[in-house]
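> Sequence and computational prediction follow.
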Amino acid sequence: MPNRDAPDPDGPNRKAPNLKAVVREIADEMRQRTDRGEVASYIPELARVDAGAFGMAVIDANGNIATGGDSDVPFSIQSISKVFTLTLALGKVGDRLWRRVGREPSGSPFNSIVQLERECGIPRNPFINAGAIAVTDLILSGHQPREALGEILRFMQFLADDASITIDNAVAASEQRTGFRNSALANYMKSFGVLDNPVDYTLGVYFHHCAIAMTCRQLATAGRFLAHLGRNPDTGMSVVPPERARRINAIMLTCGHYDGSGEFAYRVGLPGKSGVGGGILAVAPGKASIAVWSPGLDAAGNSHLGRVALEALTKRMGWSIFGQ
């Protein structure tokens with residue numbers, strides 16, 4: 001019978017995996033796979049994206065960047081923007097936000113209206129569409145839509161340290177033309193008094209912040225504060241208090257992949273947020289911020305190869321929050 005108390009023969013001399021090599025290997029493996037999922041065809045502009053694209057960027061605690069594939073190609077971040085609008089809204093009103101939106105997994109599709117009817121117009125969490133529309137409405141209050149959208153975009157540019165980040169207006173217009181389900185969600189919440197502003201104004205801001213275009217490198221940079229207790233580890237500047245960073249990460253873990261959140265936690269073991277543009281922002285607390293992009297989606301609306309790549313990364317680097 002093996003002696004479980006015996007020291008590891010390699011001990012502290014065991015060589016840590018080389019992050020850059022691991023990311024390159026994963027990108028090469030993903031490039032060769034044929035199981036790529038289906039692009040989000042219900043948004044016409046997203047249906048035109050190359051399903052063969054794959055990018056990955058990882059930034060560790062020391063600021064070292066490892067990239068692979070199409071890591072510098074901009075893509076529509078879609079629902080990943082909800083992490084940043086949630087951060088902004090909590091900065092404005094703190095825990096009063098939770099009077100408008102819950103913090104529980106939905107177990108339903110991201111654009112479902114069924115739960116809203118059962119729960120009197122209160123969205124289950126801030127990452128499903130209804131919840132993000134309610135968060136957007138809070139940011140909009142007291143502002144014109146252009147001002148609120150500018151605040152969101154500037155926040156993203158600040159976090160990514162890149163003023164070149166813009167909104168893809170073609171994607172935003174495409175969403176506005178076809179966003180009938182989101183209009184229904186917003187009007188239903190308005191009927192319960194959950195939204196304060198005109199529905200058209202709130203939806204306009206919502207569609208546009210979902211249409212922000214970023215590269216994997218920019219997105220991983222923007223998410224670094226969540227990996228380091230609310231601070232930018234390069235500058236030491238606090239974006240949010242440590243407790244708030246932990247709580248945002250908790251909601252990302254339990255709700256960040258819609259009704260695929262349990263599967264993502266089981267396989268990847270990191271807080272993460274997906275978008276139907278094929279991106280995923282993931283956080284290895286204390287270790288790294290990670291962005292991956294592969295446009296093909298699984299049945300729950302999450303990047304198929306993005307999840308596969310992140311599962312490979314956490315296994316090889318030993319980064320799962322549940323242990324190696």
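Alright, I've got the coordinates.

> Tell me the first helix or strand C-terminal of the worst-scoring helix or strand of the chain on mean pLDDT.
The helix or strand of the chain with the lowest confidence, counting by mean pLDDT, DSSP states H and E, is helix 114-118 at a mean of 84. Elements were assigned by DSSP states H and E; along the chain past helix 114-118, the next helix or strand is helix 129-140.

> got the CA positions of that next one in PDB?
The C-alpha trace of helix 129-140 is given here as PDB (Å, rounded to 0.1, in the frame of the first residue of the first chain):
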ATOM      1  CA  ASN A 129     -30.500  39.100 -20.800                       C
ATOM      2  CA  ALA A 130     -33.300  40.400 -18.600                       C
ATOM      3  CA  GLY A 131     -30.900  40.900 -15.700                       C
ATOM      4  CA  ALA A 132     -28.400  42.700 -17.800                       C
ATOM      5  CA  ILE A 133     -31.200  45.000 -19.300                       C
ATOM      6  CA  ALA A 134     -32.200  45.800 -15.700                       C
ATOM      7  CA  VAL A 135     -28.500  46.600 -14.800                       C
ATOM      8  CA  THR A 136     -28.200  48.800 -17.900                       C
ATOM      9  CA  ASP A 137     -31.400  50.700 -17.000                       C
ATOM     10  CA  LEU A 138     -29.800  51.500 -13.600                       C
ATOM     11  CA  ILE A 139     -26.600  52.900 -15.300                       C
ATOM     12  CA  LEU A 140     -28.800  54.900 -17.600                       C
END
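
> what mean pLDDT does that helix have?
Regarding helix 129-140, the rounded mean pLDDT is 97.

> do the same with stretch 215-223
Regarding stretch 215-223, the rounded mean pLDDT is 98.

> now the strands for the stretch 101-250 of the chain?
If DSSP state E, counting those that start in this stretch is used as the criterion, the strands of the stretch 101-250 of the chain fall at 166-167, 212-214.

> Would you format those as a markdown table with distance to residue 322 and mean neighbour count included?
Where C-beta positions appear, they are placed from N, C-alpha and C, glycine not excepted. A markdown table is the format used below for those (distance: least, Cβ to Cβ, whole Å; neighbours: other Cβ atoms under 10 Å):
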| stretch | distance to residue 322 | mean neighbour count |
| --- | --- | --- |
| strand 166-167 | 37 | 16 |
| strand 212-214 | 29 | 25 |
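
> what's the angle between the lengthiest helix in the chain and helix 129-140?
In the chain, ranked by residue count with DSSP state H as the criterion, the top helix is helix 145-160. Helix 145-160 and helix 129-140 are oriented at 100 degrees to each other (axes from the mean of the first three to the mean of the last three Cα atoms, to 10 degrees).

> now for helix 145-160, which elements pack on it?
helix 81-93, helix 129-140, strand 166-167, helix 199-210, strand 212-214, helix 216-222 (3 or more Cβ pairs under 8 Å, 6 or more residues apart in numbering; DSSP states H and E).

> low-confidence ranges in the stretch 1-150 of the chain?
Applying pLDDT under 70 to the stretch 1-150 of the chain flags the ranges 1-14, 109.

> Quick one: residues contacting residue 108.
114, 115, 124, 128, 258, 259 (Cβ atoms under 8 Å, 6 or more residues apart in numbering).

> can we see that at 6 Å?
Contact partners of residue 108, counting by Cβ atoms under 6 Å, 6 or more residues apart in numbering, are 115, 259.

> now swap in residue 232 and tell me
Counting by Cβ under 6 Å, 6+ apart, residue 232 has contacts residue 225.

> redo that, cut-off 8 Å
Residue 232 neighbours (Cβ under 8 Å, 6+ apart): 224, 225, 239.

> could you dump these to a markdown table with neighbour count and distance to residue 178?
Formatted as a markdown table, the contacts of residue 232 follow (neighbours: other Cβ atoms under 10 Å; distance: Cβ to Cβ, whole Å):
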| residue | neighbour count | distance to residue 178 |
| --- | --- | --- |
| 224 | 23 | 34 |
| 225 | 22 | 33 |
| 239 | 20 | 34 |
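
> What about the residues you listed, which are in helices?
Those of the contacts of residue 232 lying in helices (DSSP H): 224, 225.

> between the contacts of residue 232, which is closest to residue 248?
Using Cβ to Cβ, residue 225 comes nearest to residue 248 of these, at 9.5 Å.
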